[in-house]
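>>> Need a 3D model of the sequence below.
(one chain, ligands or ions: 1)
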Amino acid sequence: MSVEPGGERLVDYDADSEDRAVEAALRPRQLGEFIGQERVREQLDLVLRAARERGATADHVLLSGAPGLGKTTLSMIIAAEMGAPIRITSGPAIQHAGDLASILSSLQEGEVLFLDEIHRMSRPAEEMLYIAMEDFRVDVIVGKGPGATAIPLELPPFTLVGATTRAGLLPPPLRDRFGFTAHMEFYAPAELERVVHRSAGLLDVEVDPAGAAEIAGRSRGTPRIANRLLRRVRDYAQVKADGSIDRETASRALEVYEVDERGLDRLDRAVLEALLKLFGGGPVGLSTLAVAVGEERETVEEVAEPFLVREGLLARTPRGRVATPAAWAHLGLTPPAQQAGQPGLFGG
Ligand SMILES: Nc1ncnc2c1ncn2[C@@H]1O[C@H](COP(=O)(O)OP(=O)(O)OP(=O)(O)O)[C@@H](O)[C@H]1O
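Residues are numbered from 1 along each chain as shown. Here you go, the predicted model:
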């Protein structure tokens, strides 16, 4: 198996083309419909309500968090709650300050500008954005060289909603210009169960609580993955069962797709298995581990490891990769130290 870093797999956090096609239909439209992220929701509700009561445009909002946790959804909700139109663009799409100037100068009063991957904007565009956010102005440069002049152009007040995977990637002057910053956490299983139930209702497929729990438990804390797994389980239920989803259907379906009870897929398991079976749980160097599973270093490091580390199954140490006791337990294997009756690296 070969997986490109960021390539498409069932438990990938990024959207594939099928996700994009159905996500619009599955998006909550109001804050009240948005599941989980209680603190963010409560704080945002106050920010938006206060702005509405003052008849003002909402403050700029920065959303940080992993892909698929609902940043785009939340930006659309902000626009809907403010009764404002929304324009969606992304950092990589804005390479020249001129690209940004043309977007900014065409905004209507109160409009929400959603800038995904805001940390990937070019430097000149970033500097233009500082002024636009603070003074609602862009300086359009006319001419070149020593004769160039900056003509200030007033902008109507707008709300910038920036999204980034990590707020720490943003230069402080940009970060400081947001009135409200929210960090989105991975979702708890109970919240993902609610996501599954809600989406199942919209997709018109029956799912019982145990079936929803089974899907939620394998969704890596991410609504996008929960929705994707739900669609695959729906296919299975339709072809192999009576169309409705219970625990058994969900678990059989996800076995076919090789997503285990904890949300690990084939690549994740291959890495863990190599670490445990070939290297006695480590420590082993990343390159050696990658060769053992027949993958590129980057694939192991960027695609498989982050989730294994987050799940507490693998640790990155200065001496190399090490399996935790939970990894041995997850694969149903016994650590060698325990076999020999000696304490292991983790005292087990
Ligand atoms: N809190 C939530 N409640 C219900 N559904 C949600 C929630 N958050 C996300 N979703 C669903 O998950 C999918 C992905 O969400 P969204 O596109 O907003 O994520 P994102 O954080 O913007 O991801 P990316 O950064 O990759 O664009 C959407 O279909 C959305 O409906």
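>>> which of the residues in stretch 244-264 are buried?
245-246, 249-251, 253-254, 257-260, 263-264 (16 or more other Cβ atoms under 10 Å). Every residue, glycine included, has its C-beta placed from N, CA and C.
>>> Stretch 209-224 too?
Applying 16+ other Cβ under 10 Å to stretch 209-224 flags 211-224 as buried.
>>> and of those, the nearest to residue 13?
Among those, residue 222 lies closest to residue 13 (Cβ to Cβ), at 5.8 Å.
>>> what sits against that closest one?
Residue 222 sits next to 13, 66-69, 186-187, 192 when contact means Cβ atoms under 8 Å, 6 or more residues apart in numbering.
>>> Which members of the residues you listed are the farthest-apart pair?
67 and 192 (15.5 Å).
>>> ok, those two, which is more surrounded?
With neighbours defined as other Cβ atoms under 10 Å, residue 67 and residue 192 compare such that residue 192 has more, 28 against 18.
>>> what helix or strand is the residue nearest to residue 335 when sequence neighbours are not counted on?
The shortest distance from residue 335 to any non-neighbouring residue, by Cβ to Cβ, 6 or more residues apart in numbering, is to residue 328 (4.8 Å). Assessed by DSSP states H and E, residue 328 sits inside helix 325-330.
>>> In three-state terms, label residue 201 for me.
helix (DSSP: H, G, I helix; E, B strand; the rest coil).
>>> And it, how close does it get to residue 183?
Using Cβ to Cβ, to the nearest Å, residue 201 is found at 29 Å from residue 183.
>>> These two: which is more packed in?
Between residue 201 and residue 183, counted using other Cβ under 10 Å, residue 183 has the larger neighbour count: 14 against 11.
>>> tell me the pLDDT at residue 342?
On the pLDDT scale, residue 342 is placed at 48.
>>> Residue 348 now?
42.
>>> now do residue 24
At residue 24, pLDDT is 84.
>>> count of residues packed around it?
Count around residue 24 with other Cβ under 10 Å applied: 10.
>>> just to confirm, which helix or strand has it in it?
Assessed by DSSP H and E, residue 24 sits inside helix 17-26.
>>> where do the strands sit along the stretch 201-348 of the chain?
Under the criterion DSSP state E, counting those that start in this stretch, strands of the stretch 201-348 of the chain are mapped to 314-317, 320-323.
>>> And the helices in the stretch 151-300 of the chain?
Ranges of helices in the stretch 151-300 of the chain, per DSSP state H, counting those that start in this stretch, are 172-175, 189-203, 209-217, 223-240, 247-256, 266-273, 286-293, 297-298.
>>> Send me the longest one as CSV with only the CA atoms.
This points to helix 223-240. Taking Å, rounded to 0.1, in the frame of the first residue of the first chain, the C-alpha atoms of helix 223-240 are listed here in CSV:
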residue,chain,number,x,y,z
PRO,A,223,-17.0,15.2,12.4
ARG,A,224,-15.8,15.0,8.7
ILE,A,225,-14.5,11.5,9.3
ALA,A,226,-17.7,10.5,11.2
ASN,A,227,-19.8,11.7,8.2
ARG,A,228,-17.5,9.8,5.7
LEU,A,229,-17.7,6.6,7.7
LEU,A,230,-21.4,6.9,8.0
ARG,A,231,-21.7,7.0,4.2
ARG,A,232,-19.6,3.9,3.8
VAL,A,233,-21.5,2.1,6.4
ARG,A,234,-24.7,3.1,4.7
ASP,A,235,-23.5,1.6,1.4
TYR,A,236,-22.7,-1.7,3.2
ALA,A,237,-26.1,-1.7,5.1
GLN,A,238,-27.9,-1.1,1.8
VAL,A,239,-26.1,-3.9,-0.1
LYS,A,240,-25.5,-6.5,2.6
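>>> give me the subset of the contacts of residue 222 touching the ligand.
67-69 (Cβ under 6 Å from any ligand atom).
>>> Redo the residues you listed as CSV? Include secondary structure and pLDDT.
Below are these laid out as CSV (DSSP: H, G, I helix; E, B strand; the rest coil; pLDDT from 0 to 100):
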residue, secondary structure, pLDDT
67, coil, 90
68, coil, 92
69, coil, 95
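>>> between those residues, which is nearest residue 234?
Nearest member of these to residue 234, counting by Cβ to Cβ, is residue 68, at 18.8 Å.
>>> what residues are up against that closest one?
Neighbours of residue 68 in contact, by Cβ under 8 Å, 6+ apart: 13-15, 222-225.
>>> Could you find the two of those residues that are most distant from each other?
Most distant of the contacts of residue 68, by Cβ to Cβ, are 14 and 223, 13.2 Å apart.
>>> Check whether residue 156 really touches residue 104, as I assumed.
No - judged on Cβ atoms under 8 Å, residue 156 makes no contact with residue 104 at a distance of 9.8 Å.
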